[in-house]
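> Sequence below, structure please.
(chains A and B)
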Protein chains: 2
Amino acid sequence: MVKCHEQLDRTFAALVDPTRRAILARLEREDGASVSELAKPCAIKLPAVMKHLDVLADAGLITRSKVGRVVTVRLSPEPMREAMDWLRRYQRFWSDSLDRLAAYAEGKEIEMQEKDR
Amino acid sequence: MVKCHEQLDRTFAALVDPTRRAILARLEREDGASVSELAKPCAIKLPAVMKHLDVLADAGLITRSKVGRVVTVRLSPEPMREAMDWLRRYQRFWSDSLDRLAAYAEGKEIEMQEKDR
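From the prediction side, this is the model:
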């Protein structure tokens, strides 16, 4: 239970930073990228990108493999599944609001039809 | 776009702490709770709980209303919807793994059937 908490803590903490989210989003579109490729569109320097990659790797959200001098970064999205499962329980509130909105719209429509008669 | 980033930053930052997640989970089960009710099962003191509630309120995840001396806390889960939408794009990776697992299991089954013949 404690271990599960710690993983969720790390996952959410990794997702707080927009640069880290941008890295994950890019790795979602491409099957692996080198560290320098990942650093290119970032407005921050390479050492800062490396630190962000450390946080992502510690949270288990990426893997890094080195061939020669090139480090390839790959997505490892499994921990995000747990984060999504955690958030899923609040889904019924959004569905409830949508149901209420639909009922309201329906009520308005009937009102208009009755006026037209 | 910047504003959207900031909201996601705040939402994920609010979700990092297990005490804050426990408060949100409790508010999901109950329709509103007083601050002292929320503090009761926590192993931490009331001022610390108040600070967690400040973080949750700043992220727009709870609302607080005061009647007399009682502050009632209610869930306001809408910002979590955006967080879940952000995570949803990784869902295909989990489905892909499940598909691969299903294909593997199916292959094994056919193999066994052929052996039995």
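> what kind of secondary structure is A:Ala72 in?
Wrong residue type there; residue A:72 is Thr, not Ala. strand (DSSP: H, G, I helix; E, B strand; the rest coil).
> where does it land on pLDDT?
Looking at A:Thr72, its pLDDT stands at 96.
> For the lowest-mean-pLDDT helix or strand in chain A, list every residue counted as buried.
Every helix and strand of chain A was ranked by mean pLDDT, DSSP states H and E. The lowest is helix A:91-116, at a mean of 73. Buried residues in helix A:91-116, counted by 16 or more other Cβ atoms under 10 Å in any protein chain shown: A:Phe93. Backbone N, C-alpha and C define where each C-beta goes, glycine included.
> Could you verify my assumption that A:Ser76 touches A:Ile62?
Yes: between A:Ser76 and A:Ile62 there is a contact under Cβ atoms under 8 Å: 5.7 Å.
> Who has more neighbours out of those two?
Per other Cβ atoms under 10 Å in any protein chain shown, whichever of A:Ser76 and A:Ile62 has more neighbours is A:Ile62, with 24 against 17.
> Spell out which residues of chain A are next to chain B.
Proximity of chain A to chain B is confined to A:5, A:8-9, A:12-13, A:15-18, A:21, A:24-25, A:28, A:75, A:77-78, A:80-81, A:83-84, A:86-91, A:93-94, A:97 under the rule Cβ under 8 Å from any Cβ of the partner chain.
> which among the residues you listed end up buried?
A:8-9, A:12-13, A:15-18, A:21, A:24, A:75, A:77, A:80-81, A:83-84, A:86-87, A:90, A:93.
> part of a strand, is A:Thr63?
Yes: per three-state DSSP, A:Thr63 lies within a strand segment.
> and it, what is it in contact with?
A:57, A:73-74, A:76 (Cβ atoms under 8 Å, 6 or more residues apart in numbering or on different chains).
> now, which of these sits nearest chain B?
A:Ser76 (9.0 Å; Cβ to the nearest Cβ).
> now chain A, which segments are flagged as low pLDDT?
A:1-4, A:96-102, A:117 (pLDDT under 70).
> now what about stretch A:69-76, what contacts it?
Contacts to stretch A:69-76, defined as Cβ under 8 Å, 6+ apart, come from residues A:23-24, A:27-28, A:31-35, A:38, A:53, A:60-66, B:90, B:93.
> ok, the closest residue to A:Arg10 other than its chain neighbours to chain B distance?
The shortest distance from A:Arg10 to any residue other than its chain neighbours is 4.2 Å, reached at A:Ala59 (Cβ to Cβ, 6 or more residues apart in numbering or on different chains). As judged by Cβ to the nearest Cβ, to the nearest Å, A:Ala59 and chain B stand 11 Å apart.
> Confirm for me that A:Ala59 is in contact with A:Ala13.
Yes: counting by Cβ under 8 Å, A:Ala59 touches A:Ala13, with 7.1 Å between them.
> Quick check: beta-bridge partners of A:Leu75?
Note on A:Leu75: beta-bridge partners A:Ile62, judged by DSSP bridges.
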